[in-house]
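1. Could you work out the structure for the sequence below:
(2 chains)
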Protein chains: 2
Amino acid sequence: MSLTEDIATLAQAAKTASRQLSRMDTEEKNLCLNSMADILEAEKASIQEENNKDMELAQKSGLGQAMTDRLLLNEGRILAMAQGLREVAGLPDPVGKVLTKMKRPSGLKLRKVSCPIGVVVIIYESRPNVTADAAGLCFKSGNSTILRGGKESLNSNKIIAKYMLKACQSVFPKFPQGAIQVVPTANREAIPELLSLTKLIDLCIPRGGEGLIKTVTECSKVPVIKHYKGICSVYVDREANLDKAISVVVNSKTHRTGVCNAMETLLIDSVIAPDLLPRIGKALANKGVELRACNKSRAILGDDLTIPTNDTDWDTEYLDLICSVRTVDGIEGALEHINTHGSGHTDCIVTENESIAERFQNEVDASAVFWNVSTRFSDGGEFGMGAEIGISTDKIGARGPMGLAELTTYKWLGEGDGLARA
Amino acid sequence: MSLTEDIATLAQAAKTASRQLSRMDTEEKNLCLNSMADILEAEKASIQEENNKDMELAQKSGLGQAMTDRLLLNEGRILAMAQGLREVAGLPDPVGKVLTKMKRPSGLKLRKVSCPIGVVVIIYESRPNVTADAAGLCFKSGNSTILRGGKESLNSNKIIAKYMLKACQSVFPKFPQGAIQVVPTANREAIPELLSLTKLIDLCIPRGGEGLIKTVTECSKVPVIKHYKGICSVYVDREANLDKAISVVVNSKTHRTGVCNAMETLLIDSVIAPDLLPRIGKALANKGVELRACNKSRAILGDDLTIPTNDTDWDTEYLDLICSVRTVDGIEGALEHINTHGSGHTDCIVTENESIAERFQNEVDASAVFWNVSTRFSDGGEFGMGAEIGISTDKIGARGPMGLAELTTYKWLGEGDGLARA
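-> Numbering: from 1, shown residues only, chains lettered A, B, ... in the order given. Have a look, this model is predicted:
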């Protein structure tokens, strides 16, 4: 068969399976998820064997140390995958929730009810544990999943998906093959083929670096929800409380650096910069943060503590102990900077002035806008979602942290007594 | 300037304006909408003058009668546009609604709040009144609008948008030019240019025939919500009540034929077809409906009342007094037919059996799934939305009738007291 036919067969199987998944009740889905966890634990040795193949190929092909580390599935990581699936089993079922209910003057009884999206394609990079995490969340929300990881993790991804499917089939012998599938080829052409099938694929979620997300968006004919970079800013207003400012800024930057909700840019109101910036700057420097500062900030902080910014710093997600620093002319300047250079992920204002905070929260165009809160709180777990598939920087469909509910859509169910329109 | 530069300038102006629109309160927006209505009424003569230019060009270029009719702006249609804008002013503001509110154990106070999407591109065909309807709805929901109508209506669209903008500027002298814009060229390349600007354009809504929607989806790099055709089916189950079946079927097919929520396909359970089909078929034939029937249905209805179906009938939106008729093997057959040939718009079951109805409503993958209700009720007005921009057949973002609320997105607003993550 040609690649085109292979991919069409895969997608058709997913669509068919999605209809069967939409019929499963909560208990049945949880049985499957717990069975998946059991099998991943029981088969950890054979999963590691397949992962070894990937690791060997990666070393031969000269994959970097960081990538190889992410590729590794040691016992701890396999047990963590299993634990993750058990946690998803414990979360409430997002399907079948009545979101709105009304009776219209015509006599029409109407309910807006959450339902699965259908077939979701997840495209990701080298971390093979995403296979179990993403497929588990999609499954609980009633969707078929087509997984496309990095080519270097193909053997690992295949065996994880195989065991997840086997687990479901051990509980329900008629469980459909198409419910959880890994694209079985490393051929790059598979992605545009898959994402051209608008009648079979309902959604694509790419997770990874900017290059991956751009490639997917460029070629996709199906809806894409992007989990894009986080260029998160904290703006310290003239009416900020110093202690709160230090707490929020230091936590946002240094609590974890390699994550999308870490602060990358510190904006400080020029009115209080001479007073506050030295103290905030020192607190960051004490944590080992390199400060790339605008000229005005450098004049305050001194050349020892800072280096000059280059042309791209305002638009860079460092994911490291580096921070851009800029003085701005009050809230206007902060809004202008964020709405120009931000990535629509998470931004924060530190101020004691409620109306300034309200304006900032209204006018910053981002998925999460915080007031006196560390950007690190922009997270499915912190929002009470229990688990997340990522943080959407899009505005159509899910925005911000995406948990189970964000993997559903809705339909309108109408009821009447032979109702005809007059 | 090149087309690329022109389009980028237009889109940048829309983005800048969208920030100003997001600051406007309900009263300010309603003042503008009522002022737009006043000016369209006052300027009806000059609007008709511009419309005459379009009509003359259309006649010269041999545009068909139906298209030319749709292009015409007579006094009644202009007053209807104004009235529509006044009605939108009277609807509740969809922006700033608190959708979820919680306090997390961490101390994080969290609100999920509706907000404008940003910049919305509307692409439509010859009916110039869409200009006012769509721009009015987008404006009330706080979005900038970029309008792209058919080339044959460019003069009409331009003058309508010009007066809408003028109306806002008469109320607020600083009202931004970029809030309501018509793409000023008929050049086809403008569409892909516009829809490649992922940083400036937030959403595209194409409204029109299948060809238009396909073209837009093919070329767009920004999210698209499609208002696709309605191949709506009514399935008459073996446990249907005959009176309700006739009421629903006849109303679905004949109440208005040229609309997307009209029934195109009648499915009848083979078990009751010999009994019910002659009566339902006769009721439709009495209304002048041509019945294109499968062999089994023809054997029951007879050759006088029916013609055979061709290969494409199951997938055709007739928008006319024509109906496909097929006997199916119970609910399984109905689900199989609908999930294969339907367009995900609106489908209905007629039955007295609640559990069969529930299964149908769960398993049909459409924006609206009705039980003993005419498909004609799938409509923003009937759903209490007040006005609609169309009916989405997509599942990401708005699904089904799209009113003001469906033209918003949401953001997460967090509040704390210098909250840092442990």
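2. can we go C-alpha only for contacts and neighbour counts from here?
-> Fine.
3. Residue A:193 reaches residue A:7, doesn't it?
-> Yes. Counting by C-alpha atoms under 8 Å, residue A:193 sits close enough to residue A:7 to count as a contact (6.8 Å).
4. So which of those two has more stuff around it?
-> In terms of neighbours (other C-alpha atoms under 10 Å in any protein chain shown), residue A:7 is the more surrounded of residue A:193 and residue A:7; the figures are 21 against 18.
5. which non-adjacent residue is nearest the more buried one?
-> Among residues not flanking residue A:7 along the chain, residue A:194 sits closest, at 6.1 Å (C-alpha to C-alpha, 6 or more residues apart in numbering or on different chains).
6. Could you tell me which strands the helix or strand harbouring residue A:145 is paired with, and in which direction each runs?
-> With the criterion set as DSSP states H and E, the secondary-structure element containing residue A:145 is strand A:144-148. When pairs are called by DSSP bridges, strand A:144-148 turns out to pair with strand A:119-124 (parallel), strand A:180-182 (parallel).
7. CA atoms only for the longest one, dumped as CSV, please.
-> Only the C-alpha atoms of strand A:119-124 are listed here, as CSV (Å, rounded to 0.1, in the frame of the first residue of the first chain):
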residue,chain,number,x,y,z
VAL,A,119,-10.2,11.9,16.5
VAL,A,120,-7.3,13.8,18.0
VAL,A,121,-3.8,13.7,16.5
ILE,A,122,-1.0,14.4,18.9
ILE,A,123,2.4,15.4,17.4
TYR,A,124,5.3,15.6,19.8
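8. Identify the residues contacting the helix or strand just after that strand?
-> With elements assigned by DSSP H and E, the helix or strand that comes after strand A:119-124 is helix A:129-140. Contacts made with helix A:129-140 from outside it, assessed by C-alpha atoms under 8 Å, 6 or more residues apart in numbering or on different chains, are listed as A:21, A:29-30, A:33, A:73, A:77-78, A:81, A:84-85, A:88-89, A:93-94, A:120, A:122, A:124, A:144-145, A:147, A:149, A:157, A:160-161, A:164, A:179-180, A:388-389, A:403-404, A:407.
9. Give me the subset of these lying in helices.
-> Within these, membership in helices is found for A:21, A:29-30, A:33, A:77-78, A:81, A:84-85, A:88-89, A:157, A:160-161, A:164, as judged by DSSP state H.
10. Would you check that residue A:58 makes contact with residue A:69?
-> No. Taking contact to mean C-alpha under 8 Å, the distance of 10.4 Å between residue A:58 and residue A:69 leaves them out of contact.
11. neighbour count winner among the two?
-> residue A:58 (19 against 13).
12. Next, the contact list for that one, please.
-> By C-alpha under 8 Å, 6+ apart, residue A:58 lies in contact with A:68, A:152.
13. if you set the cut-off to 10 Å instead, what comes out?
-> Residues counted as contacts of residue A:58 (C-alpha atoms under 10 Å, 6 or more residues apart in numbering or on different chains) are A:52, A:64-65, A:67-68, A:71, A:151-153.
14. Could you check how far it is from residue B:186?
-> Between residue A:58 and residue B:186 the distance, using C-alpha to C-alpha, to the nearest Å, works out to 53 Å.
15. Name the nearest residue to the single nearest residue of the stretch 251-400 of chain A relative to chain B, ignoring sequence neighbours.
-> Checking the stretch 251-400 of chain A residue by residue against chain B with C-alpha to the nearest C-alpha singles out residue A:397 as nearest, at 4.0 Å. By the measure of C-alpha to C-alpha, 6+ apart, the closest residue to residue A:397 outside its immediate chain neighbours is residue B:397, 4.0 Å from it.
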